[in-house]
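next come a sequence and a model predicted from it.
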Amino acid sequence: MSGYGFDFHGLRLEARGSGALWWAAGGWLVVADLHLGKSERMARRGGPLLPPYEGLATLERLEAEIAALDPRVVVSLGDGFDDLAAAEALEPRVAAALARLAQGRDWIWVAGNHDPGMPVDLPGRASDGAMLGRVALRHQAGQGPDISGHFHPVLRLAGERRRAFLLGRDHLLLPAFGAYTGGLSQDDPALAALVPQGLAIACGPRAIALPLLRRGRR
Amino acid sequence: MILPPEFLDWFARQGWRPHPHQLALLAATGDSLLIAPTGGGKTLAGFLPSLVELAQVGRSHGYLENGESAKGSVHTLYVSPLKALTADIGRNLARPVAELGLGLRVEDRTGDTGQSQRRRQRVDPPEILLTTPESLALMLSYPEAPAIFGGLRRVVLDELHALAESKRGDQLMLGLARLRALAPGLRVTGLSATVEDPQALAGFMAAARPVTVVEADPGPDPDIAMLPTARPAPWSGGGGHHAIPEVLAAVKAARTTIIFINTRAQAELFFQALWAANDENLPIGLHHGSLARESRARVEAAMAAGQLRAVVATGSLDLGIDWGAVDLVIQVGAPKNVKRLVQRIGRANHRYNAPSKARIVPANRFEQIECLAALEAVRERDLDGDPRGPGPLDVLCQHILLTACAAPFDADALYAEIVSAGPYRGLSRADFDACLDFAATGGYALRAYDRWQRLMLRGGLWQLRDARAAKLLRMNVGTIVEAEMMKVRLRGRGGAPLGEVEEVFAASLTPGDSFLIGGRVVRMDAMREMVIEVTPDPTHQPKIAVYSGVKLAMSTQLAHRVLALIGDPSRHDALPAQVRDWLGLQAEVSALPEPGLLLSESFPHAGLWHFALYGFAGRNALQTLGLLLTREMEEEGLGPLGFLSTDYALLVWSLDALRDPAPLLDRARLRAGLGDWLAGNAVMKRSFRNVATIAGLIQRNMPGQRKSGRQATFSSDILYDTLRKYDPGHLMLRITADEAGRGLVDFGRIEEMLDRSSRREHRMLDRVSPLAAPLLLEMGRVPIRGEGRERLAQIEAEALMAEAGLEGIA
C-alpha cells in the first residue's frame, strides 16, 4: 500500500492509503478515531444491531500497517473507543488482538471527546497529547501547528466517497481509521476554517493527493 | 345486500344509474376484487357497501340521530398508494355522506396528518378512515391497535394493481393479515385497473376464502394509433422531438392531454422543446417525481380546474385522481410494456362509455417496430406481466419489529398469521425463524448481543428489550428507499423550492454550471449541506440532470412480439417504408432475427472489431450479459474495449474478432461468472442498502438528526463489506443476492433468452450490418479497462513514435 510523502513543519511524513500517518524518522504510526466498540454502544442504546465485527476489521487493518512498518510507537489520536463502557466491554478477541499488537512497542492513547479516560487493563498509556518536534499531536485541532483527528474528513473522488487527510499550513487533519465511522465533507465550513487551502490526500489502495475543492462556499 | 331506496333516490338525483359492477360488489358476501378502468365509478363501488351498512346500523343503533358516532373502532378502512388520492377521496365521499344524511366522520391519516389529529385518532377514530400502507403499518404498531381496529368491518384497497408491484404491497398484505386477526369477519374489497391476470391479483389479497372477481365492462375498444409525423424518426436515441409539431396540433385539437414520457430527464427536455415551439402559448405543465411537491400540487390543481391543455409527465401521473376532462393520452417513446400502456390509455377515459383516445410517438426507427407490436397487443387485449415473486424477507423483518412495538407476541401465532397473507403463503418456518433471529439478535454468526438483544423472550412471548426502541422503529416505517437527493432552491430569502436532484449529479457541478429542472435552466450558485441554491439562467446550454434508478426494460412478452414481427417479412407491410427497407436490407446482407434463433454478427468498423448479439432480453439483462461476456473475452485475449446494451441487442467492440461465441454463451460458464462478478459490485451494494434499510439494520431517520455534517451515518457499503468478510451467510446478504439477481441484473432473462433459442447463428461480415448500425449511434457506452486498452495505448504510442521518426528505439 503506497502512501504520499510530504513535509510538515520540519517533519517528513507519509500519508498511508489506509488512513494511518507514518513518521519514518522516529518510527511513529499515528491513527485517529478508531471508535472501537461502536456496534456494542449502538446496541446498548437500543439502536439497530450492527455486524459486531468492526473491532476485528479495524485491528486487522492496523495490524497490516504495523507488520509493514514495524513502528516503535503507535498513537491512537483520540476516540479510540466509542465510549468508556465500550472500552470496558471490549470483546475478548479484540482485547487479545490489541495486546498482541502492542507487544514490543510503545502505545499511546490520546484522550478524545468520546473516551476522555482510559480503562486500566488495556495495553499502553493514556495521555492528553504529545509533541513531534514543534508539532503537537492532539485529538482536536487547537493552536497550530498540530496533527489531529476528530472530524473524520471525507471527499468525493470519481463518484466515490473516500476518507481523506487534509493538509494545510498549520493543521494536518487525519481521516478516521475506525471501520464504522461516518464522515464530514471536506468542504464543510468547520473544515474549511481549519484548512482553507492545501491538499486533500484520499485513502484507498494508493493514497491520491488532490487540491482541496471548495465548492460554492460563500 | 341490495341498494336501499334512499340510495336509489340519491343516484337518480345525480342523474346516474348504478353500474352492474357496483351492484355486484354490494351483493358479494366475502372478499371481492373489482377490475375496472378509470371513470367506472370504482371508488363509489368500493364504498357503497360501507355506506349502506352504516346507514342501516346507524339507524338501528340510533347513533346517527344526534350526529355523534359511537366511540371506539373504525368501521371502514380505505388504503391507497397516494396521499393526494386519499385527500381527494375524502372530498368525494363528503357529498354522498352529507346528502344521504349519514352523519359519519370521514378522515384521512397519512404522513401529512398533524400530531394532535393523530393522537385523537388513536383514541377516538372516525367511522371511515382513509390512509396509506405506511400509515397503516404505523397505526398497527401502537398498543391501541386492537381497540382502533377491533370493530373493523370493511377494508377497501385502491389501485391494488400498483401496490402489488412493489414492496409496499407486501407490507400492506402483512398489515391486512393483522387486521383480519384483530377483526375476524372483516370483508376486503380490492379495486384495480386492468391487469393481465386478475386471478393472480385475487390470490395476492386473499386469505383463507377465495376472492370473488368482478370485471367491469371494459367499455369500447380504445382509439389508439401511431401519431403520423412529417419528419421521420431518427435512427437511434431521440426524445421524440421530431414529432413536436404534430404533438402540439393534437393538444390543440383536444381538451386536455397527458403526454407520458419514460424518464424524468427526457420529460424535462421534451417540455423545453415543446415550449420552444408553443407559438400559441397553450398552457402546458410539467410533472415528475423530482419536482418540488409544491410544483406538482400546483400542476395537479390546475389540471383539476381545467386550466391546463396538456401536462408532460412521467409515471408520476400513472396513478391519481380521475380528472374527467382528459380526453387524449400521448405516449412518447416506446411503452416498454403493454400493461402500463393500457393503464395509461385508461386515463383518457373521461366518459365511461366513450372510447379512450391515445396516440403513440416512437422516438426512433427501432421503436417503430416496438410500438407497432405494442399496438397489436393492446388491440388483442394481450397484457404482459411477469409473475410476482414470493414476499421479500426484509419487509418481514420490519413487520416483526413493528409487531413487537404494539405488544409481546407468540412466535407460532405470528407465523400462522403471516402465512395467511398472499405473498407469504409459501414462507418456510426456517425463513421466518431467520427473520425473527435477525430482528432479535441481529442474526450474526458471532453471538455478540445477548445482553443487548432488540427482542427478548419472556414468558414464552417475544417483546422489545427496551420499550424506547419503539420510537426509532416507528420513525423508520416504510419500504420506499430513495437515492440520496439534494434539494434545489432559488437563491434568496425564502427561495422557492424547485425540486431535487440526485447527490451524484450534484457532486459533478461547480458554481456557474447550468442545469435543467422544472423546465427552466438554472445556474448553480452555492451548495450548502443538502441544498443547492440556484438563479435562473435562460441563456446557457444546460447540463442534463441524470436520474439513476432501475431503467424499465422492455417486457418479455413485448420482446417476443417484436422478435416475431421482425422475423416474419410477410408482416412488414404494416411498418413504415423506411423501416421495411431497413429490415429487407438486413435480410440480404446478414439475416433477420426470429423466434427460436439467437443471431449474432461480427464485423470490422473504425479499426475495431464489433460483436452484435440480438438477444431481445431487455436492456438490464443485456447489460449484465455485456459485463459477463467482456470478462470472458478479456480472458480469451480478445482485448474488449467497451460495450453497450439496448432492449434488443448487445454490442461489444474489441481489438480482436470474436469468431465463435458459442463457448462464451455456455450457461454454466455465464452463471459462474455472474457469481464472481456480483460479489463485489455496485449493483449489490445498492440493493444491500435498500434491503438493510427496510429490514431495520440501517436507520435513515433519527430523532433530532441534524442534516448537516452527516457525521452520524456511515456508508452501508462498509456494513456490506464487513458482512461479506466475516459473516458471508448472513440473512441480509442472502436477501440482497436474491433481489439484485432479479432487478438490475435480470439474469433470469438471460436464461430465458438461452431457453427459447434452440438455434444459434453467427455471421462474420465485412462491415456493419443494417440492424447493428443504429447501435453505433447509441449513447451509454460502458468502457472496459483491460489489456485491450493497454495494447491500444501501446499502439498509439508506437504510432506517435513512428511519426516522430523514433521507431525502433527501445
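Noted; the coordinates are in hand. Residues are numbered from 1 along each chain as shown, chains lettered A, B, ... in the order given.

and residue 123, how many residues sit next to it?
Went with chain A since none was named. The number of residues packed near residue A:123 is 15, by other Cβ atoms under 10 Å in any protein chain shown. All C-beta spots, glycine's among them, are computed from the backbone N, C-alpha and C.

not quite, I wanted chain B
Residue B:123: 11 surrounding residues under other Cβ under 10 Å.

you'd agree it is up against residue B:143?
No. Counting by Cβ atoms under 8 Å, residue B:123 stays clear of residue B:143, with 11.6 Å between them.

what's the closest non-adjacent residue to whichever residue of the stretch 251-400 of chain B sits closest to chain A?
Residue of the stretch 251-400 of chain B nearest chain A, by Cβ to the nearest Cβ: residue B:397 (10.7 Å). Nearest non-adjacent residue to residue B:397, counting by Cβ to Cβ, 6 or more residues apart in numbering or on different chains: residue B:695, 4.0 Å away.

what's the local residue count around that neighbour?
Neighbours of residue B:695 under the rule other Cβ under 10 Å: 25.

nearest residue to residue 125 other than its sequence neighbours?
As the question left the chain open, I've gone with chain A. Using Cβ to Cβ, 6+ apart and skipping the chain neighbours, the partner closest in space to residue A:125 is residue A:108 (6.2 Å).

switch to chain B, please.
In space, and not counting its chain neighbours, residue B:125 is closest to residue B:74: 4.7 Å by Cβ to Cβ, 6+ apart.

then residue B:764?
Sequence neighbours aside, residue B:602 is the residue nearest to residue B:764 in space, at 5.4 Å (criterion: Cβ to Cβ, 6+ apart).

any idea what the one you found is bridged to?
Residue B:602 forms beta bridges with residue B:611, residue B:764, as assigned by DSSP bridges.

that one and residue B:611: what is the separation?
5 Å (Cβ to Cβ, to the nearest Å).

where does the stretch 301-450 of chain B come near chain A, residue by residue?
With Cβ under 8 Å from any Cβ of the partner chain as the criterion, the stretch 301-450 of chain B meets chain A at residues B:441-442, B:444, B:446, B:448-449.

so where's the stretch 151-300 of chain B shaky on pLDDT?
Judged against pLDDT under 70, the stretch 151-300 of chain B has no low-scoring part.

tell me where the model's unsure across chain A.
In chain A (pLDDT under 70), the answer is A:1, A:118-120, A:158-160, A:213-218.

let's go with 80 and repeat that
Scanning chain A for pLDDT under 80 picks out A:1-2, A:46, A:87-89, A:115-121, A:156-161, A:187, A:211-218.

now do the buried residues in the top strand by length along it.
Counting residues, the longest strand found in chain A (DSSP state E) is strand A:160-167. Going by neighbour count (16 or more other Cβ atoms under 10 Å in any protein chain shown), the buried part of strand A:160-167 is A:161-167.

chain B contacts on chain A?
Counting by Cβ under 8 Å from any Cβ, chain A comes close to chain B at A:39-40, A:43-44, A:46-54, A:56-57, A:91, A:152, A:156, A:159, A:161, A:179-185, A:188, A:215-218.

would you mind writing the PyMOL command to select the buried ones in those?
Buried subset of the residues of chain A next to chain B, written as a PyMOL selection, criterion 16+ other Cβ under 10 Å:
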select buried, chain A and resi 39+40+43+44+46+47+48+49+50+51+52+53+54+56+57+91+152+156+161+179+180+181+182+183+184+185+188+215+216
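
in strands only, show me the residues of chain A next to chain B.
A:156, A:161, A:184-185.

and the furthest pair within the residues you listed?
Taking Cβ to Cβ, the two most distant members of those are A:156 and A:184; they sit 12.8 Å apart.

residues contacting stretch A:47-58, please?
Outside stretch A:47-58, the residues that touch it by Cβ atoms under 8 Å, 6 or more residues apart in numbering or on different chains are A:34-40, A:42-43, A:90-91, A:93-94, A:97, A:177-180, B:441-442, B:444, B:446, B:448-449, B:452-454, B:469, B:472, B:696-699, B:719, B:722-723, B:725-727, B:730.

check these for burial and list the buried ones.
By neighbour count, with 16+ other Cβ under 10 Å, these hold A:34-40, A:42-43, A:90-91, A:94, A:97, A:177-180, B:441-442, B:444, B:448-449, B:452-454, B:469, B:472, B:696-699, B:719, B:722-723, B:726-727, B:730 as buried.

quick check, central residue of chain A?
Chain A has residue A:32 as the residue nearest its centroid, 1.8 Å off, counting by Cα atoms, centre = their mean.

where does the residue nearest to residue B:125 land in three-state SS?
The three-state assignment at residue B:74 reads coil, by DSSP: H, G, I helix; E, B strand; the rest coil.

and it, what pLDDT?
Looking at residue B:74, its pLDDT reads 90.

same deal with the one 3 residues further on?
For residue B:77, the model assigns a pLDDT of 96.

nearest residue to residue 197 in space, please, no chain neighbours.
Picked chain A for this. Distances taken as Cβ to Cβ, 6+ apart put residue A:212 closest to residue A:197, at 6.2 Å, once the chain neighbours are dropped.

meant chain B actually
residue B:385 (6.3 Å).

measure that neighbour to residue B:9 for me?
Here the distance between residue B:385 and residue B:9 works out to 42 Å (Cβ to Cβ).

can you pull the phi and psi angles for residue B:286?
The phi and psi torsions at residue B:286 (degrees, to the nearest 10) take the values phi -130, psi 140.

same check on the one 5 residues further on?
Here the main-chain torsion angles of residue B:291 (degrees, to the nearest 10) amount to phi -80, psi 150.

what's the neighbour count on it?
Residue B:291 is flanked by 25 other residues according to other Cβ under 10 Å.

ok, it touching residue B:519?
No. Look at residue B:291 against residue B:519 with Cβ under 8 Å: they stay out of range, at 9.1 Å.

can you pull the contacts of residue B:360?
By Cβ under 8 Å, 6+ apart, the contact list for residue B:360 reads B:224-227, B:330-331, B:335, B:341, B:371, B:374-375.

ok, so of those, who is nearest residue B:276?
Distance to residue B:276, by Cβ to Cβ, is smallest for residue B:330 among the contacts of residue B:360, at 17.6 Å.

quick check: the closest one is in a strand.
Yes. Assessed by three-state DSSP, residue B:330 belongs to a strand.

that one reaches residue B:361, doesn't it?
Yes. Using Cβ under 8 Å, residue B:330 is in contact with residue B:361, at 6.5 Å.

intersection of neighbour lists for the two?
Common contacts of residue B:330 and residue B:361 (Cβ under 8 Å, 6+ apart): B:227, B:247.

who has more neighbours, the two?
Neighbour count, other Cβ under 10 Å: between residue B:330 and residue B:361, residue B:361 has more, with 30 against 26.

okay, that one: pLDDT?
Residue B:361 is given a pLDDT of 95.

identify the bridge partners of it.
Here residue B:361, judged by DSSP bridges, has bridge partners residue B:332.

distance of it from residue B:241?
Distance, residue B:361 to residue B:241, using Cβ to Cβ: 10 Å.

next: residue B:722.
Distance from residue B:722 to residue B:241, by Cβ to Cβ: 48 Å.

check which helices and strands the helix or strand residue A:154 falls within sits against.
Per DSSP states H and E: residue A:154 is located in strand A:153-157. On a contact count with 3 or more Cβ pairs under 8 Å, 6 or more residues apart in numbering or on different chains; DSSP states H and E, strand A:153-157 meets strand A:160-167, strand A:184-185, strand A:199-202, strand A:208-211.

run the chain-centre distance for the longest helix anywhere in chain B.
In chain B, ranked by residue count with DSSP state H as the criterion, the top helix is helix B:42-61. Put simply, helix B:42-61 sits 34 Å off its chain's centre (Cα atoms, centre = their mean, to the nearest Å).

give the pairing partners of the next helix or strand after it; include direction for each.
Where DSSP H and E defines the elements, the next helix or strand beyond helix B:42-61 is strand B:76-79. When pairs are called by DSSP bridges, strand B:76-79 turns out to pair with strand B:128-131 (parallel), strand B:154-157 (parallel).
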